[in-house]
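Chemist: pasting the sequence and the predicted coordinates here, then a few questions.
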Amino acid sequence: MTDVLIVGDGPAGLSAALLLAKNDADVDVFGTDDTPMHKAMLLNYLGIPKMTGTEFQEISRKQVQDFGATLHNTRIDGVEATDNGFRLRTDDGDTFEATYLILATTNKSHQKDLGITRENGVAAVDRNGRTNVDGCYAIGWASRKDKIQAVISAGDGAAAAVDILSEMKGEPFHDFDVV
């Protein structure tokens, strides 16, 4: 059993995966890299003067893998809560289990399957992305109907990751590297 399963491999899911893997959590990310980012031109992302969404995805996916997260190029057929966390089933029949689940996808059926409370067409979450289902987070477009940007989604992913890391470590945690 892994620590965290992440459904969605756009900026929200990859940001969460990066912080979690960088801090020694076992992370599996599921998606097919068909995010709307491939249509984007980043001109409003702090620290990136100009970059295509495709370049961003390539760099981000490599960075996440370099820190030890596993990327699975597959779709998810179903998710369910278990006694120990969550189980998901891929479209090719594989199953994966983890203590935590992050939904970073617009697929509303996963939210319905888990009984996540929804408001205004999206998952109702606190500022860290926590849903009403213990151990389950919804970030990026899964929790924001409007006013969404790549940098906002990445921030949602970072907030969820830091919240999970704090819970795993049993104390408030922040990710701050020094030179």
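Modeler: That came in fine, so what should we check first?

Chemist: roughly how far apart are D146 and G121?
Modeler: Note on D146: its distance to G121, by CB to CB, to the nearest Å, is 10 Å. Quick note: C-beta positions are derived from backbone N, CA and C, even for glycine.

Chemist: would you mind measuring from the residue lying closest to V133 once chain neighbours are set aside to V4?
Modeler: Distances taken as CB to CB, 6 or more residues apart in numbering place L114 nearest to V133, at 5.2 Å, with adjacent residues excluded. Look at L114 and V4: by CB to CB, they are 15 Å apart.

Chemist: let me know the next secondary structure element after the longest strand belonging to the chain.
Modeler: Scanning the chain for the longest strand, with DSSP state E as the assignment, gives strand 95-103. The element immediately downstream of strand 95-103 (helix or strand, assigned by DSSP states H and E) is helix 108-114.

Chemist: who are the packing partners of that next one?
Modeler: strand 76-82, strand 95-103 (3 or more CB pairs under 8 Å, 6 or more residues apart in numbering; DSSP states H and E).

Chemist: partner residues bridging R130?
Modeler: Judged by DSSP bridges, the bridge partners of R130 are Y137.

Chemist: again with N73
Modeler: Beta-bridge partners of N73, as defined by DSSP bridges: G31.

Chemist: and the nearest residue to T70 once chain neighbours are set aside, how far from I152?
Modeler: The shortest distance from T70 to any non-neighbouring residue, by CB to CB, 6+ apart, is to D28 (5.0 Å). The spacing between D28 and I152, counted by CB to CB, is 24 Å.
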